[in-house]
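>>> sequence and predicted structure, then a few things I'm wondering about:
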Amino acid sequence: MRIGVAGIGKMGAALAARLIEVGHDVAVWNRTPDKAKAVAGATVAATPAELAQRADVIISSLTDAAALDAVYKEPSGLLSGDVAGKLFIDMSTVLPATEVALAEAVRRKGAAFVECPVGGSTGPARQGKLIGLMGADAADAARARPILEQLCRRLEHAGPVGSGAVLKFAVNLPLMVYWQALGEALALAHALPVDPGRLMDLLSDTSGAATIAKVRAPGIAAMLKGGDPGPVTFNVDGGIKDMQAMLDEAKSRGIELPLVDKTLACYEETKRHRSGAAEISTVSAYWASRGQR
């Protein structure tokens, strides 16, 4: 199948590589052309409009609502040409209202739209082991499913467009809180004569650990010793963006999220003292050593 991928950041690049690996004819576009050129086996489109014309299915993986609006609606955007009958799948993490508005714009052009934010980082994306959270009409979901099942080990149809975004916030919320909680646990254990590697191995083996803890444990232990945590798969800025969106959505629904509110402030402090571009588990390492004597 001819598939286009718009947005070749870490996730978009992993998605494109996976689709090429399973046999699709993949074209890519990115605002920074060098990132698109780095995807081995893909055709590089000069504009989003060209990408849409080359493909039958277009997947977008973009930073935020402003990026989506520009890439879909600018004069050389994805929707600028004749896209009737094509399928658009957006895998960005944005507010439900953003997805609903985007779906309406796509449908006015005679095309189909599915939102599918995902749980998981670039490693699972590259292996086709993401968790997909679809929001779509039933017919559009059925059309997208064969492609998304090649990217996801589990695919949930949450309801109409907008539902996937809500479910993504629900999936991400405990994990955002976990990195802060882990940092506080490490702070309590700071004075113990236990090697950081052994301590992380223990904490990641308990019932209170997140699933990702075992994967990230070596990197956190390295940071606790002043070392390098390894490649960044999701950063502190991404966590801050997601929590701000969670709070915005909760406010619109009359819901309070006090843990998210406090955790966001902790992430923002981490960013001030470390870096927003740092691996998200830096939050745990920062709070483990903050104020220690």
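Received the coordinates, thanks.

>>> three-state assignment of residue 62?
Using DSSP: H, G, I helix; E, B strand; the rest coil, the structure places residue 62 in coil.

>>> for it, which non-adjacent residue is closest in space?
Spatial nearest neighbour of residue 62, chain neighbours left out: residue 7 (4.4 Å); criterion: Cβ to Cβ, 6 or more residues apart in numbering. (C-beta placed from N, C-alpha, C; glycine too.)

>>> now do residue 148
residue 132 (5.0 Å).

>>> quick check: the residue nearest to residue 62 touching residue 71?
Yes: under the criterion of Cβ atoms under 8 Å, residue 7 makes contact with residue 71 at 7.2 Å.

>>> more neighbours: those two, which one.
Using other Cβ atoms under 10 Å as the criterion, residue 7 and residue 71 rank with residue 7 on top: 27 against 23.

>>> hang on, the earlier thing: show the contacting residues for the residue nearest to residue 62.
Residues in contact with residue 7 (Cβ atoms under 8 Å, 6 or more residues apart in numbering) are 29, 30, 60, 61, 62, 63, 67, 71, 92.

>>> now, which of those residues sits nearest residue 246?
Residue 246 lies nearest to residue 92 out of the contacts of residue 7, by Cβ to Cβ, at 15.0 Å.

>>> format the contacts of residue 7 as CSV; extra columns: distance to residue 14.
Shown next, in CSV, are these (distance: Cβ to Cβ, whole Å):
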residue, distance to residue 14
29, 16
30, 13
60, 14
61, 9
62, 15
63, 16
67, 18
71, 19
92, 14
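
>>> of the residues you listed - the most surrounded one?
Of all these, the highest neighbour tally under other Cβ under 10 Å goes to residue 29, namely 29 neighbours.

>>> re the thing from before, what sits up against the helix or strand the residue nearest to residue 148 falls within?
Taking DSSP states H and E as the definition, residue 132 sits inside strand 130-135. Residues outside strand 130-135 that contact it (Cβ under 8 Å, 6+ apart): 96, 99, 114-120, 124, 141, 144, 148, 151-165, 167-168, 171.
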